[in-house]
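>>> Provided below for reference: sequence and predicted model.
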Amino acid sequence: MLRASQTAKFVISAIKKVQFEILGLPIHGVLRRAGMSTARFPLPRARAPTAGLPVKGLLLLLFALLQVPSIFARDDSAASVGEAIYRRGVLPSGKPLEGDHRNGTRRQGADAACINCHRRSGLGEIQGRTSIPPITGRYLTHARAKSLEDLDLPYVDAVRLDRDPYTDATIARAIRAGLNSEGKPLNDLMPRFALGNEDMAALIGYMKSLDPRRGPGVTDTVLHFATIITPDADPVKRKGVLDVLEHYFKDRNALQRGPSPRLRSTRMMMFKVNRQWQLHIWELGGEPSTWEQQLRDKLAKEPVFAVISGLGGKTWAPVHAFCEHASVPCLFPNVEVPVDAERDFYSIYLSRGVLLEAQLIASRMFGPGGDKTPKTVHQIYRASDVGESGAAALAALLSKRGVSVVNHVLNAGETEKAVSAAVRSAGKADALVLWLRAGDVAALGDSPAAPIVYLSGQMAGLERAPLPSEWRERTRMAYPFDLPDLRRVRVDYPMGWFSIRHIPVVAQQAQADTYLACGILSEALSHMVDTFVRDYLIERIEAMVEHRVITGYYPRLTLAQKQRFASKGGYLVRFADANSVRVVADGDWITP
């Protein structure tokens, strides 16, 4: 029997040849009534019925057309069953997958899912002294290696080639009984699953579908990357970020002279082809509702392996959605309002931005040793800026504690005089929270009546925020980075790199983050050798980022499955005196 894709191609090929209408109904209409997308199978414009075409042939062709959706449904159903078991630990019945270990412990549902150890890519990993091997079809069925020339698979750290190849029967035995292709016991970490034949076939089929192939945006000599700039991005930061990216790509390409010599690694040899990096700058325009389609068009025209850095303004959600839908890694964009969705996979960020600041402020209000718990909190922000998202996040946290929240919203066109007016109207607040940029902070006016003030450090300019001296004694700034004195050595490294290359420092934190993102990407690719699988890129970054020494503005970076933010906390700080830019921590590092 033909596969679904082959059947569809056959039917569409036949339609293109005859280019007719069936029983007076345009062929696109037939496809729609059959439940198929006309976009997936573009057809030429319908013409008048072809003279002399036998009615029997028409009916047979129509019958074949109407069978395509059912074929797709069978294939898609089996694939979705296998995927649900592998990724979520859910059986077709809706019951949780159950796995038993030799020591008697049992795992259920998501805890028993294959993805936990073998990862989303199926390429496994090394955890300490434990090696989790790849379980995709090409690796499982590869013949025992007899010589170096037999090693024709992309290299992964946990690959095992010194054993007999698996068959569907021995794969099923491994899953049910915990025995390898030679009948020997597998590692004790491998549970035993009592799967029925249909579920087992679906799971094995899904594992085979994970076979690593060269990803889009990868050629024999070039790796293609994109960076995305939204139309509401800060133009000053835009220049700084692009300066760093372009110089980093130029420097890296200058060092690539050709293929590396063979590298010895335990029992095998690796041969790595050093590829040039090519940067595509994807500038978006128009309303956010159009961005995802713009990005789909750009990806179709310029396939890329991953998105690196980039710069957003008030919203990044359409870009995040595009990367998830297109399965394109989006690595550490410079955004102040990232999308907080732990179930998503392809977008990873350095920090939660203003969403983290909201958590820091709430932690201070309700945490031990914090300020007096307020009953009424007033917030001031501009409707056209990221402070709106920070204020909404904080309001949600405060409302759960029974705190009354009053928002003072400044429109985009209002002058800075409106800021001082909003401050006066918040005079009866127990606490005042300011989600304002430097220009508005400088225009705050007289000292507020509120006993305690909280300020968004990321929006106001961190230690260089132009906070009037009258405000400094009672203001605490949310600071989602390491303190200036503690991060100096880590930031000096990229600053020296900028100086040597004559890159103007116009937005130090964004430029340092961009340099950090490029460094993480470069290190991850060096570990991947030639296994250019997008999911594997994310997994390699998750595994190695915590070992980095140069982490820029952040004291420590860690990622794991279902963690999309590498830096987890921050400080509440205060100014040391009324006039300097020196800040001191008003408490310990906070991890909300």
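Cool, got the structure.
>>> can we go C-alpha only for contacts and neighbour counts from here?
Fine.
>>> Could you pull up the residues touching Ile520?
Ile541, Val545 (Cα atoms under 8 Å, 6 or more residues apart in numbering).
>>> Now for Leu284: which residues touch it?
Residues in contact with Leu284 (Cα under 8 Å, 6+ apart) are Ile228, Ile229, Thr230, Pro231, Trp291, Gln294, Leu295.
>>> ok, 10 Å please
Ile228, Ile229, Thr230, Pro231, Asp232, Thr290, Trp291, Glu292, Gln294, Leu295, Lys298, Val319 (Cα atoms under 10 Å, 6 or more residues apart in numbering).
>>> can you check Val453 too?
Neighbours of Val453 in contact, by Cα under 10 Å, 6+ apart: 377-379, 429-434, 471-477.
>>> next one: Glu302
Glu302 touches Pro216, Gly217, His224, Phe225, Ala226, His280, Trp282, Arg296, counting by Cα under 10 Å, 6+ apart.
>>> re the thing from before, using a markdown table, lay out the contacts of Leu284 together with neighbour count, pLDDT and distance to Asn253.
As requested, the contacts of Leu284 are exported to a markdown table (neighbours: other Cα atoms under 10 Å; pLDDT from 0 to 100; distance: Cα to Cα, whole Å):
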| residue | neighbour count | pLDDT | distance to Asn253 |
| --- | --- | --- | --- |
| Ile228 | 21 | 98 | 21 |
| Ile229 | 26 | 98 | 23 |
| Thr230 | 23 | 98 | 27 |
| Pro231 | 18 | 98 | 29 |
| Asp232 | 17 | 96 | 31 |
| Thr290 | 12 | 98 | 34 |
| Trp291 | 22 | 98 | 31 |
| Glu292 | 20 | 98 | 30 |
| Gln294 | 18 | 98 | 29 |
| Leu295 | 20 | 98 | 26 |
| Lys298 | 17 | 98 | 24 |
| Val319 | 24 | 98 | 28 |
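>>> quick one: contacts for the residue nearest to Met528 when sequence neighbours are not counted?
Spatial nearest neighbour of Met528, excluding adjacent residues (Cα to Cα, 6 or more residues apart in numbering): Val156 at 6.9 Å. Residues near Val156 by Cα under 10 Å, 6+ apart: 123-126, 133-134, 270, 527-531, 536.
>>> Out of these, who's the most crowded?
Leu123 (27 neighbours; other Cα atoms under 10 Å).
>>> Tell me how far that one lies from Gly387.
From Leu123 across to Gly387, the span is 41 Å (Cα to Cα, to the nearest Å).
>>> and what of Leu516?
25 Å.
>>> Would you mark the buried spots in stretch 390-403?
For stretch 390-403, a neighbour-count test (16 or more other Cα atoms under 10 Å) marks Gly390, Ala391, Ala392, Ala393, Leu394, Ala395, Leu397, Leu398, Val403 as buried.
>>> low pLDDT regions in the stretch 301-450 of the chain?
369-371 (pLDDT under 70).
>>> hang on, the earlier thing: out of Leu516 and Gly387, which sits in the more crowded spot?
Gly387 (27 against 22).
>>> beta partners of the residue lying closest to that one once chain neighbours are set aside?
Distances taken as Cα to Cα, 6+ apart place Trp435 nearest to Gly387, at 4.7 Å, with adjacent residues excluded. Judged by DSSP bridges, the bridge partners of Trp435 are Tyr381.
>>> if I read this right, Trp435 contacts Glu336, doesn't it?
No: using Cα atoms under 10 Å, Trp435 makes no contact with Glu336, being 12.0 Å away.
>>> Quickly list what's touching both of the two.
Val354, Asp385, Val386, Gly387, Ser389, Gly390, Gln458, Met459.
>>> who touches whichever strand or helix holds Ala300?
Per DSSP states H and E: Ala300 is located in helix 291-301. Helix 291-301 is touched from outside by 216-217, 226, 228, 230-231, 280, 282-286, 288, 302-305, 316-323, 325-326, 328, with contacts defined as Cα under 10 Å, 6+ apart.
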